[in-house]
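Peer 1: structure of the sequence below:
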Amino acid sequence: MKSIGPQVIALSSLLLAGCLAPSREETAARERLARTGREWQPAALPAPAAGAGLAEHLRVALHRSPKVAAAWHRWRAAGERITVARSLPDPRLAFQADLQGALMSLMPGLMLDLPGPGKRAAAGVAAAAETERAHWDFVAATVETAAEVKAAWHRLGFQAEEIRLLRESLELLAETETVAVARSGAGRTGVADVLRLQMARARLANRLANRHDERTVLQRRLATALGLPPDQSPPPGPDRATPSPATAATGEAEAEQIQAAVAGNPRLRALAADVRQAEAELRQAALAGVPDFSLGVEADVKALPWLWRPRLAMTLPIWRAKIKAERAAARAGQAAAAADLAGGQLDVALAAAEQLFLLREAGRATALVESQLLPKARQVRELARASYTAGTTPLETLLDAQRELLELELEAVAAKTARELALADLSRLLAAPPPGAPSLSPSPTETTP
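Peer 2: Numbers count the residues shown, from 1 in each chain. Just a heads-up that it's a prediction; the model follows:
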């Protein structure tokens, strides 16, 4: 039996070296993926039952949302690409023969391409940064989906409050019309009052019909945030308003929340990963002048004993203009990524300041209407109603009082709705994890943007 040559042993060792020893970045990425996979998986959960709370809607959305599922699979794919990037190229089988009327020699061979020193490590670091970007895209998908569910949920809840107020106003107009008909029958007023009340009721009934019609759109918006297919009936949503507990930030507290948004925003984390990837690509470009190698061995199996022919080849990176352009492009890419991150930080800080302002504005509007304006408007309406029943006040005064009261009540609902929408946007900026979300902590290799 012929012995295996030392060339084959050496080549086998190189092949094994290309498949072992995962990098620190790869290990961290795989651990994070495995941890998230144990806590959360895409699943076609049933739609929330009627009467289900916001927490249940958030849980269903996180598992059903196509946006979240797509980000999860992209993250998994990016994690696998770390192994691809740091691995050796596939070995090549070669065959060579000498023919002179008959087969004189037959030489099978095995060739292996070896990237220059440091190139595989740099490629692995760049792929790890891409995985980091994909992770934060996944985090962004979860918090944005949660924000969409919260916004749709609270819109439906406060719209139910609007519908209740419009119905109550319609009932009051109906009662007033009954009084006007009675007074008209007794000759105490003309039929014009009855006609005016009927017109007011028709306008209000049309407004109520529009709110009912709008509710179907809001329910579909909630169904979309939940990831329910178009052929499935949307969930009814809440039938009453459920305000969130919150306190508007001012002064130092506001500054802290803006800093927290800049530090924790997943879109900024993704941009920071882009910077790390650009830095890794710059290191790759710096190695463009390092030659690559090919190592192989052939054996003439027709010879006795076998004739071994080692082969060694090396690239010659002589095109200096090409290498210079690669490095210049990498430097420009790094500068662009850093500028994108700086611009994103400014945008997030501004968005956080705007949402905090809207939160305070909505709080002030709610306090003004509920504590000062509504009590007086109700008193004015009751006085006008009593005076009209007694025949001492014209109908226009009562209608104005009722209209003003209704508009103030709707204004309070609008302010509360604006508050909830600002809170939803703020939770998205702060990357506040919704109930049921997987752990979203950064990896050991990551730095804060």
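
Peer 1: buried ones in the longest strand seen in the chain?
Peer 2: For the chain, the strand reaching the highest residue count under DSSP state E is reported as strand 103-114. With burial defined by 16 or more other Cβ atoms under 10 Å, the residues of strand 103-114 counted as buried are 106-107, 109-114. The C-beta positions use only the backbone N, C-alpha and C, and glycine is treated the same way.

Peer 1: where along the stretch 201-350 of the chain do the strands fall?
Peer 2: According to DSSP state E, counting those that start in this stretch, the stretch 201-350 of the chain carries its strands in the segments 293-300, 307-314.

Peer 1: on that earlier part again, what two of the buried residues of strand 103-114 are the furthest from one another?
Peer 2: When Cβ to Cβ is used, the two most widely separated members of the buried residues of strand 103-114 are Leu106 and Leu114, lying 26.5 Å apart.

Peer 1: from Ala299, how far out is the closest residue to Ala97 other than its chain neighbours?
Peer 2: The shortest distance from Ala97 to any non-neighbouring residue, by Cβ to Cβ, 6 or more residues apart in numbering, is to Leu106 (5.2 Å). Leu106 is 9 Å from Ala299, where distance means Cβ to Cβ, to the nearest Å.

Peer 1: what's the burial count for Glu407?
Peer 2: Using other Cβ atoms under 10 Å as the criterion, Glu407 is surrounded by 13 other residues.

Peer 1: just the one 4 residues further on next, same as before
Peer 2: For Glu411, the number of neighbouring residues by other Cβ under 10 Å comes to 17.

Peer 1: give me the element it is part of.
Peer 2: With the criterion set as DSSP states H and E, the secondary-structure element containing Glu411 is helix 395-430.

Peer 1: ok, the nearest residue to Ala418 once chain neighbours are set aside - contacts?
Peer 2: Nearest residue to Ala418 in three dimensions, chain neighbours excluded: Ala362, at 4.4 Å (Cβ to Cβ, 6+ apart). Contact partners of Ala362, counting by Cβ atoms under 8 Å, 6 or more residues apart in numbering, are 415-416, 418-419, 422.

Peer 1: pLDDT score for Ala299?
Peer 2: Note on Ala299: pLDDT of 86.

Peer 1: could you do Gly251 as well?
Peer 2: 52.

Peer 1: what do you get for Glu254?
Peer 2: Looking at Glu254, its pLDDT is 81.

Peer 1: distance check, Glu281 against Val125.
Peer 2: 9 Å.

Peer 1: and these two? Which one has more around it.
Peer 2: For Glu281 versus Val125, neighbours defined as other Cβ under 10 Å are more numerous around Val125 (25 against 22).

Peer 1: got the phi/psi numbers for Ile82?
Peer 2: Main-chain torsions, Ile82, degrees, to the nearest 10: phi -60, psi -50.

Peer 1: follow-up on the earlier one: now the contacts of Ala362 in CSV, with neighbour count, distance to Glu148 and pLDDT?
Peer 2: Formatted as CSV, the entries for the contacts of Ala362 read as follows, by neighbours: other Cβ atoms under 10 Å; distance: Cβ to Cβ, whole Å; pLDDT from 0 to 100:
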residue, neighbour count, distance to Glu148, pLDDT
Ala415, 20, 21, 95
Lys416, 23, 19, 95
Ala418, 18, 17, 95
Arg419, 24, 17, 94
Ala422, 23, 15, 93
